[in-house]
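Participant: predicted model and sequence below, questions to follow.
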Amino acid sequence: MPDTTADEDDPKPAARDGAPGRSDPLPSVPRQARAAKIFRLAATGVILLAAILAAGFVWEFYVAAPWTRDGTVRVQVANIAPQVAGQIVEVRVHDNQNVRKGDVLYVIDPIDFEVAVTSADAEVKNREADLQVKNAQSARRQALSTVSTSVEEKQQFAGSAKIAEAAVESAQAQLRQAKVNLERTQVTSTVNGRVTNLLMRVGDYARTGTSNISVVDTDSFWIDGYFEETKMPNIRVGDPADVKLMGFDPHLTGTVESITLGISTANAASSTQGLPDVNPVYTWVRLAQRVPVRIRIDHVPPGVPLIAGMTATVFVNGGRGPAPNWLMDLRDRVSPSATPAAGPATEAGRH
């Protein structure tokens, strides 16, 4: 086996000795790594800035923009009650039937009321005949001299004639009331609308003042939008409103008609001792109260039914609120073209 030297066992020195005059080039890996790191940092910053801006816009949209999914279709319902009592002998409508104001809904047995009219009419004739007799007697007494009759007797006959005249007026009033009661046996609708939840039938007994039929007033529909109190600064009476009913694509248009000035609060009630009843709350959780806003319906697209209780999404002024203050401040600081004269006007418009 031949002898080997240290130079033969170590190839690295031999390689260095083989090229004594050549220098190794600098590696480019560190420079590329620095560029990739800078790119990653810049991309992270851009993404973070975009996320902050998106979060700000989303916050403003859900907190301050005047829109709500908590809307309800509302309507007035006429609970019709008879003004006279009696047995129902005829029902002229059926459930969910459209009716006009003045249409007869049902009829109460009119026999007793017809008898009352006949009796009252006879009483009027009786009183009128008695008045004629009393007037004739009084006229004869007034024509006599004081030799044939006394002044006191004249006054008595004149008074009797006045009493008979009053009795005639009373009988005539009773006759008018009897006729009105007879007309009231035909119970009519007080509004234009649709009969709902009809449960009565022929043979039921109608009681005076007790409602037994309901009619939805189709001329009274409106929308109640329940907006968080954080959105109320962007809602004014007269603002245009856009309403979308759940399940229907066409939108309704309307106008803000009024804003409720009060809602119920649990802390307003008194305890059994007359002391204020204050409920404990979590101080780090604050829920915005919802304020009812009444929307007058201006236009309903064809094919969209209005049903009380339907869920609606309400947008006031297109659901767009004013630009956030922080965004306006940022724009004023970044934009170099803003003139000094426009600055105070912009600040005044935001405040």
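Facilitator: Nice, thanks for sending it over.
Participant: neighbours around residue 106, how many?
Facilitator: By other CB atoms under 10 Å, 24 other residues sit near residue 106. Backbone N, C-alpha and C define where each C-beta goes, glycine included.
Participant: for the closest residue to residue 165 other than its chain neighbours, give me its contacts.
Facilitator: In space, and not counting its chain neighbours, residue 165 is closest to residue 131: 5.6 Å by CB to CB, 6 or more residues apart in numbering. Contact analysis of residue 131 by CB atoms under 8 Å, 6 or more residues apart in numbering lists 161, 164, 165, 167, 168.
Participant: neighbour-wise, which one of those leads?
Facilitator: residue 161 (22 neighbours).
Participant: show the contacting residues for that one.
Facilitator: Contacts of residue 161 by CB under 8 Å, 6+ apart are 131, 134, 135, 137, 138.
Participant: for it, grab phi and psi.
Facilitator: Here the main-chain torsion angles of residue 161 (degrees, to the nearest 10) amount to phi -70, psi -40.
Participant: could you check how far it is from residue 312?
Facilitator: 71 Å (CB to CB, to the nearest Å).
Participant: over to residue 289?
Facilitator: For residue 289, the distance to residue 312 equals 20 Å [CB to CB].
Participant: looking at those two, which is more packed in?
Facilitator: With neighbours defined as other CB under 10 Å, residue 289 and residue 312 compare such that residue 312 has more, 21 against 14.
Participant: mind listing the helices for the stretch 151-300 of the chain?
Facilitator: 151-183 (DSSP state H, counting those that start in this stretch).
Participant: does residue 304 sit in a helix, a strand or a coil?
Facilitator: Classification of residue 304 into helix, strand or coil gives coil, according to DSSP: H, G, I helix; E, B strand; the rest coil.
Participant: burial measure for residue 244, as a count.
Facilitator: 18.
Participant: I meant to write residue 193 there.
Facilitator: 23.
Participant: with residue 125 instead?
Facilitator: Residue 125 has 12 neighbours, counted by other CB under 10 Å.
Participant: which SSE is it in?
Facilitator: helix 111-143 (DSSP states H and E).
Participant: likewise for residue 30?
Facilitator: helix 29-63.
Participant: show the subsequent helix or strand relative to that helix.
Facilitator: As assigned by DSSP H and E, the chain's next helix or strand after helix 29-63 is strand 67-74.
Participant: sheet partners, orientation included, of that following strand?
Facilitator: strand 222-228 (antiparallel), strand 311-316 (antiparallel) (DSSP bridges).
Participant: can I get those in CSV including distance to residue 101?
Facilitator: As requested, those are arranged in CSV below (distance: least, CB to CB, whole Å):
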stretch, distance to residue 101
strand 222-228, 19
strand 311-316, 28
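Participant: apart from its neighbours in sequence, what residue is nearest residue 116?
Facilitator: Per CB to CB, 6+ apart, closest to residue 116 is residue 178, 4.4 Å.
Participant: how many neighbours does that neighbour have?
Facilitator: Count around residue 178 with other CB under 10 Å applied: 19.
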